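**Q** Prediction below, plus the sequence it came from.
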Amino acid sequence: MLYFVNGSGVFPDRALRRPRKCQLRMSAVETIENGGITSATGFSAAGITAGLKPSGAKDLAVLCSDRLATAAGTFTKNVVCAPPVTVCKDKLEASEGLARAIIVNSGQANAATGVTGTQNALRTADEAASILGEEAKHVLVASTGVIGRQIDMEKMVAGISEACKQMSPDGGDDAAKAIMTTDLIDKQIAYKVKLSSGTVIVGGMSKGSGMIHPNMATMLGFVTSDAAVESGTWSKIVKEASQKSFNQITVDGDTSTNDCLIALANGASEVVVDSQDDVKLFTDTVTKCCEHLAKAIARDGEGATVLLEIKVRNFGQGMFALRPRVHRDFGRSSYPAITRTTGLRGGLG
């Protein structure tokens, strides 16, 4: 049973048992069977065991475009940010929103690691850039795992070299597995969307299971597309998609130091997204991709047995400011894994 707030109390609404149908022009959007982070043209990936996890599981992923891509990201709002987060923010600013590769390790979060942690994050990017023949400002980094432990850089450097050798357009599955920590399953999706100017692909992968709460969480998300999108437009699209997806889930009420959503659009399809209608449909598709990944995280939440969607309706303007609190209190009250879908009068804030 789902519940809604109508301004005068909380009541069960049997009509809300099924999620509202997606508002996309579904005839224009097609799910790619077994699609994922490398479905878009021009992207390769790899996932290997570098020895960073005691378990011996895959723990190092490389995602790379065959050309510079327009890049955008959203990051944790936690007061304490891990070095990979601050390094990525700095690189996106220095590169004016361009990137070619992302290096992701699991096992150690590289959080609460001080100056050494920052140096290690920078060295990770430098090593990958050297192998790829790219400027270091165009290589982004992300980490997830145990907080407070330094990364074994000898293993990391050797792993980067090996992962770069193994990169291929078929490496998405291994990459998705390599970023997992307490996740029970890997999380991937890809869509093909027909725009007026041509067809483009949007793919993604994510990880997350615990410390999941609004304003992102202990989650990493990555999105790729072969569309050609102007930097400012891409940033707005990624921000909107993140707000409607990863910022709308909670598992245990805890936020984290490492959360990020990084998105690359490399233009390999040569389809330019610039008309108002195309931007809208493309934005909806990126959002659909992120929503799928966010719900996958909630379903995989530690101890979760149900995925519950909460819809908050009929907020008048006088109560609009209460929306975030209602979502938060509902989300933290009784259920271990919740995604919230908002449908409010006056639009979304």
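**A** Good, I have the coordinates. Residues are numbered from 1 along each chain as shown.

**Q** Ser65 belongs to a helix?
**A** No. Using DSSP: H, G, I helix; E, B strand; the rest coil, the assignment for Ser65 is strand, not a helix.

**Q** ranges for the helices of the chain?
**A** 83-94, 114-132, 153-166, 172-178, 231-243, 276-299, 323-333 (DSSP state H).

**Q** and Ser106, which of those helices is closest to it?
**A** helix 172-178 (6.5 Å; C-beta to C-beta). Any C-beta I mention is one placed from the backbone N, CA and C, and that applies to glycine too.

**Q** Contacts made by that closest one with the rest, please.
**A** Helix 172-178 has contacts (C-beta atoms under 8 Å, 6 or more residues apart in numbering) with 36-39, 45-48, 57-63, 104, 106, 166, 186-188, 203, 205, 207.

**Q** In strands, which of the residues you listed appear?
**A** Residues of these located in strands (DSSP state E): 45-48, 60-63, 104, 106, 187-188, 203, 205, 207.

**Q** which one of the residues you listed sits closest to Asp274?
**A** Gly203 (21.4 Å).

**Q** Give me the neighbour count for the spatially closest residue to the closest one that is not a sequence neighbour.
**A** Spatial nearest neighbour of Gly203, excluding adjacent residues (C-beta to C-beta, 6 or more residues apart in numbering): Ala190 at 3.6 Å. Per other C-beta atoms under 10 Å, the neighbour tally for Ala190 reads 26.

**Q** Return the residues in contact with Ala190.
**A** Counted by C-beta under 8 Å, 6+ apart, Ala190 has contacts 31-32, 35-37, 39-40, 201-204, 289.

**Q** run the last query once more with 10 Å
**A** 30-40, 172, 201-205, 223-225, 289, 292 (C-beta atoms under 10 Å, 6 or more residues apart in numbering).

**Q** Could you pick out the buried ones from these?
**A** 35-40, 172, 201-205, 223-225, 289, 292 (16 or more other C-beta atoms under 10 Å).

**Q** wait, doesn't Thr182 sit right on Met219?
**A** No. Judged on C-beta atoms under 10 Å, Thr182 makes no contact with Met219 at a distance of 11.7 Å.

**Q** Pick out whichever of those two has more residues nearby.
**A** Using other C-beta under 10 Å, the more surrounded residue of Thr182 and Met219 is Met219, with 29 against 15.

**Q** who does the more buried one bridge with?
**A** Gly208 (DSSP bridges).

**Q** Wait, it touches Ile262, no?
**A** No. Met219 is not in contact with Ile262 according to C-beta under 10 Å; the separation is 11.8 Å.

**Q** low-confidence ranges in this structure?
**A** 1-26, 209-218, 249-255, 300-349 (pLDDT under 70).

**Q** if we go to 50?
**A** Within the chain, the stretches with pLDDT under 50 are 1-23, 210-217, 252-253, 333-349.

**Q** tell me the centre residue of it?
**A** Gly221 (2.0 Å; C-alpha atoms, centre = their mean).

**Q** is the nearest residue to Val238 once chain neighbours are set aside in a bridge, and if so with what?
**A** Closest residue to Val238 apart from its sequence neighbours, by C-beta to C-beta, 6+ apart: Ala72 at 4.2 Å. Taking DSSP bridges as the rule, Ala72 bridges to Ala263.

**Q** Of the ones in strands among the contacts of helix 172-178, which is the nearest to Asp152?
**A** Closest to Asp152, out of all of those and judged by C-beta to C-beta, is Leu60, at 11.2 Å.

**Q** Ile185 versus that closest one, what's the distance?
**A** Distance, Leu60 to Ile185, using C-beta to C-beta, to the nearest Å: 19 Å.

**Q** Settle it for me: which of these two has more neighbours?
**A** For Leu60 and Ile185, the more surrounded residue by other C-beta under 10 Å is Leu60, and the numbers stand at 28 against 13.

**Q** The nearest residue to Val29 once chain neighbours are set aside: neighbour count?
**A** Computed as C-beta to C-beta, 6+ apart, the closest residue to Val29 that is not its neighbour in sequence is Val193, at 5.0 Å. Neighbours of Val193 under the rule other C-beta under 10 Å: 26.

**Q** is it true that Val193 touches Asp277?
**A** No. At 12.0 Å, Val193 and Asp277 do not qualify as touching, with contact defined as C-beta under 10 Å.

**Q** Let's test this: what are the backbone torsions at Gly148?
**A** In this entry, Gly148 is assigned phi and psi values of phi 90, psi 0 (degrees, to the nearest 10).

**Q** need the contact list for Pro54.
**A** Counting by C-beta under 10 Å, 6+ apart, Pro54 has contacts 107, 146.

**Q** ok, it to Ala178 distance?
**A** 15 Å.

**Q** still on that earlier bit, what's across from the residue nearest to Val29 in the sheet?
**A** Val29, Val200.

**Q** CA atoms of stretch 102-113 as PDB?
**A** C-alpha atoms of stretch 102-113 as PDB (Å, rounded to 0.1, in the frame of the first residue of the first chain):
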ATOM      1  CA  ILE A 102      37.100   7.500 -15.400                       C
ATOM      2  CA  ILE A 103      39.100   5.300 -13.000                       C
ATOM      3  CA  VAL A 104      37.000   3.600 -10.300                       C
ATOM      4  CA  ASN A 105      38.300   1.400  -7.500                       C
ATOM      5  CA  SER A 106      36.400  -0.500  -4.800                       C
ATOM      6  CA  GLY A 107      37.700  -1.800  -1.500                       C
ATOM      7  CA  GLN A 108      38.900   1.500  -0.100                       C
ATOM      8  CA  ALA A 109      36.900   4.700  -0.200                       C
ATOM      9  CA  ASN A 110      40.000   6.900   0.000                       C
ATOM     10  CA  ALA A 111      38.000   9.000   2.600                       C
ATOM     11  CA  ALA A 112      39.400  10.400   5.800                       C
ATOM     12  CA  THR A 113      42.800   9.800   4.300                       C
END
